[in-house]
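# generate coordinates for the sequence data below:
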Amino acid sequence: MIYHVRHVTIVGYASPVRLARFNLRLQPVSWPGQQTSDYRLSVDPAPVTTRSRPSAWPVHVARLVIDSPLRQLTIESRFRADVSGGDPVTPRPDDPTIGAVAQAALLDRDMGPAAPAHYLFASPRAPLLEAIGQWTGEDLNPTRPIMAAALALAQRIRAEFAYDPGATDASTPVADAFAARHGVCQDFAHVMVVALRLAGLPAAYVSGYLRTSPPPGRPRLVGADAMHAWVMLWCGPARGWIGFDPTNGVITGEGHVFVAMGRDYADVTPIDGLFVGGAGQAIRTMVDVVPEG
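Next up, the predicted model:
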């Protein structure tokens, strides 16, 4: 599938801001099974500087500095993504067990951005909560085949947690979302990441886009799409990284557009930064993921 992705963020300030610095993580990184091209970033008002900086994770970071007073900032990101379908990834009888993958992760010597070692331990937004470990129980027994167990966990999260955009926000701790059994894709991805890491498995948090389809007979709504979050699980040297979407209870496929991967949401936040001034701010976001043709 080929998609044209457009992501617009409008930040409004209650009174003029004198100086603003932003980090943007909107340009997709290279990832197996996906090719992106024609990336364009436009910012109004134009920044005085735009610089890319390295990241420890598979993340593109652009840093903007705006030194003129502003009341509104508009950021637009566009790109074309070719997501190769190929054969669907499914559990296989010869998949390694959870215990075997956990052991392989400890022996792996790679230290690159996507090395499994980086995603084994607690991170700021994904603490290793005992309550989540107790909840998974035998679901992640070391003797279970890793792919089947991970898919079952994703489906359990989908079944037991209610999707409720009003229940949480970007700052809600994973412990609160887990206790309430309510939240959004960010919360469900964090719960799954924590559960997998408690089993000794390398699990990463991914930000990206999900193609959404309108109900039969209804037109597609412009701006109705949103950024999505899912989990990447390292399934051993032979299988590598495989995506699981706990919001939908599926293994990721050609409807998922990969942007960035980190230890948790903090590493891949689409936009963050600071401004000088005492004004409050309001943010609006519109995303379109349109199939080509």
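# where's the closest residue to Ser52 other than its chain neighbours relative to Val8, distance?
Distance criterion C-beta to C-beta, 6 or more residues apart in numbering; nearest residue to Ser52, sequence neighbours excluded, is Ala62 at 5.5 Å. For the C-beta atoms, the positions are set from N, CA and C on the backbone; glycine is no exception. Ala62 sits 16 Å away from Val8, going by C-beta to C-beta, to the nearest Å.
# wait, what's in contact with Phe275?
Tyr13, Val17, Arg18, Leu19, Ala20, Arg21, Gln281 (C-beta atoms under 8 Å, 6 or more residues apart in numbering).
# how far away is it from Thr74?
15 Å.
# for Leu70, what are its contacts?
By C-beta under 8 Å, 6+ apart, the residues touching Leu70 are Tyr13, Pro16, Val17, Ala20, Pro45.
# change it to 7 Å
Going by C-beta atoms under 7 Å, 6 or more residues apart in numbering, Leu70 touches Pro16, Val17, Ala20, Pro45.
# show me the beta-bridge partners of the residue nearest to the last one when sequence neighbours are not counted.
The one in question is Pro45. In space, and not counting its chain neighbours, Pro45 is closest to Leu70: 5.7 Å by C-beta to C-beta, 6+ apart. Applying DSSP bridges to Leu70 gives these bridge partners: Val17.
# local confidence estimate at Leu70?
pLDDT, Leu70: 89.
# next: Arg53.
Arg53 is assigned 86 on the pLDDT scale.
# what count of nearby residues applies to the residue lying closest to it once chain neighbours are set aside?
Once flanking residues are discounted, Arg53 sits nearest to Val61: 5.2 Å by C-beta to C-beta, 6+ apart. If you count neighbours by other C-beta atoms under 10 Å, Val61 ends up with 18.
# contact partners for Val17?
Going by C-beta under 7 Å, 6+ apart, the list of residues near Val17 reads Pro69, Leu70, Phe275, Val276, Gly277, Ala279.
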